[in-house]
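# Pasted the sequence and its predicted model underneath.
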Amino acid sequence: MTNAAAGPALARGQGVALWRQIAGSLEREIAAGRLPPGTRLPTEAELTARFSVNRHTVRRAMEELESRGLVRIEQGRGSFVAEDVLDYPLGPRTRFSETIRRQNREPQGRILRIEEVEADGTVAEALKLRRGRPVVLAERLGLADGRPVVLGCHYFSAARFPDIARLLAEDPSVTRALARLGVADYRRLVTRITARMPSAEEAALLEQSRTRPVLVTEAVNVDPAGEPVELSIACYAAGRMQIVVES
């Protein structure tokens, strides 16, 4: 945890509410870079002691900063300096690493698990398979500058891509794995976007509160011949990513 540096004493009895002064003090520290984006702020008790005020006054200051988008408050986890929200364009050709690099961030992918499962109705329809046919499921965590931003479940036909599990275990890039399997390029055929509350596992992996919603996309990618190569169901941390639909 990062503690805010001690600032000037509050001006009492001079017509400016104490909570406004506290909010202003923290805002100046954020603007000066002493509290970088993503930093966990001092606890309510620590701020109460620092400014010699009651908890209600600190709470009112934090609510003001949250309403202005300067901090995010996550139940059970604390308060954090808000990060810049990344744009994630959805177009015919969407690539995670390229998108993140265009915004001067460093992308990273981490494969959490790879297993062969039976295709349920949703997966079978998307990949044009019979229900129950074997598919490879790769669960992947995408990060920007080390911060998790998306949790994706990627499904591939095990019959068409028998080596994809091995390739993804060696290199978490879906694009490079498909290229090595003969699919040099692919495009997005359709995307469905919804919002919901995360599961406990999703919230933990995305490092966010369960009370904060996530954006969910369900997308089918096809090869140049129009045949499906992948079903992707991705869960985005809404506080760090906003989806932009491109024509």
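Thanks, I have the structure now.

# where does the chain dip in pLDDT?
The model of the chain has pLDDT under 70 over residues 1-8, 247.

# What sits closest to Leu143 if chain neighbours are left out?
Residue nearest to Leu143 in three dimensions, not counting chain neighbours: Gln108, with 4.3 Å by Cβ to Cβ, 6 or more residues apart in numbering. From N, CA and C alone the C-beta is placed, and that goes for glycine too.

# Would you quantify the distance from the one you found to Val245?
Gln108 is 25 Å from Val245, where distance means Cβ to Cβ, to the nearest Å.

# who's more crowded, those two?
Taking neighbours as other Cβ atoms under 10 Å, Gln108 and Val245 compare with Gln108 leading, 17 against 9.

# which residues does that one contact?
With contact set as Cβ atoms under 8 Å, 6 or more residues apart in numbering, Gln108 has these partners: 142-144, 146.

# How about Arg105?
86, 144-145.

# Please repeat the previous calculation with a cut-off of 10 Å.
Arg105 makes contact with 84, 86, 99, 143-147, 149 under the criterion Cβ atoms under 10 Å, 6 or more residues apart in numbering.

# Could you do Arg196 as well?
202, 213-216, 235.

# again, but for Arg95
Contacts of Arg95 by Cβ under 10 Å, 6+ apart are 101-102, 107, 173-175, 186.

# Is Val216 within a helix or a strand, and which one?
Using DSSP states H and E, the element containing Val216 is strand 214-222.

# Kindly apply the preceding question to Val58 instead.
Element membership for Val58 (DSSP H and E) is helix 55-67.

# Following that helix in sequence, what is the next regular element?
Counting by DSSP H and E, the next helix or strand C-terminal to helix 55-67 is strand 71-74.

# So which residues make contact with that next one?
By Cβ under 10 Å, 6+ apart, strand 71-74 touches 23, 26-27, 30, 35, 38-41, 59, 61-66, 78-83, 203, 207-212, 239-240.

# can you tell me which of the residues you listed are in strands?
Using DSSP state E, the members of the contacts of strand 71-74 that fall in strands are 78-81.

# Reformat those as a markdown table; add neighbour count.
Shown next, in a markdown table, are the ones in strands among the contacts of strand 71-74 (neighbours: other Cβ atoms under 10 Å):
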| residue | neighbour count |
| --- | --- |
| Gly78 | 15 |
| Ser79 | 20 |
| Phe80 | 19 |
| Val81 | 20 |
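
# Who are the contact partners of the spatially most central residue of the chain?
Nearest residue to the geometric centre of the chain (Cα atoms, centre = their mean): Val149, 2.1 Å. Val149 is in contact with 83, 85-86, 88, 96, 100, 105, 107, 141-143, 206-207, 236-237, 239-241, counting by Cβ under 10 Å, 6+ apart.

# how does it look with 8 Å?
Neighbouring residues of Val149 by Cβ under 8 Å, 6+ apart: 86, 142-143, 206, 236-237, 240-241.

# what ranges do the strands span in this protein?
71-74, 78-81, 86-90, 107-118, 134-144, 147-157, 187-196, 214-222, 228-237, 241-245.

# Distance from the chain centre to the first one, please.
Strand 71-74 sits 15 Å away from the centroid of its parent chain (Cα atoms, centre = their mean, to the nearest Å).

# Kindly report the same for the second one.
Strand 78-81 has its average C-alpha position 16 Å from the chain's average C-alpha position, going by Cα atoms, centre = their mean.

# who's in contact with it?
Under Cβ under 8 Å, 6+ apart, the answer for strand 78-81 is 1, 30, 35-41, 43, 62, 66, 70-74.

# Now with 10 Å, please.
Residues from elsewhere that reach strand 78-81 (Cβ under 10 Å, 6+ apart): 1-2, 26, 29-30, 34-44, 47, 62, 65-66, 70-74, 207-209, 239.

# Please parse the chain into its domains.
For the chain, automatic domain parsing gives the domain ranges 18-81, 86-245.

# Turn those domains into CSV, columns for distance to Leu10.
Shown next, in CSV, are the domains of the chain (distance: least, Cβ to Cβ, whole Å):
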stretch, distance to Leu10
domain 18-81, 5
domain 86-245, 30
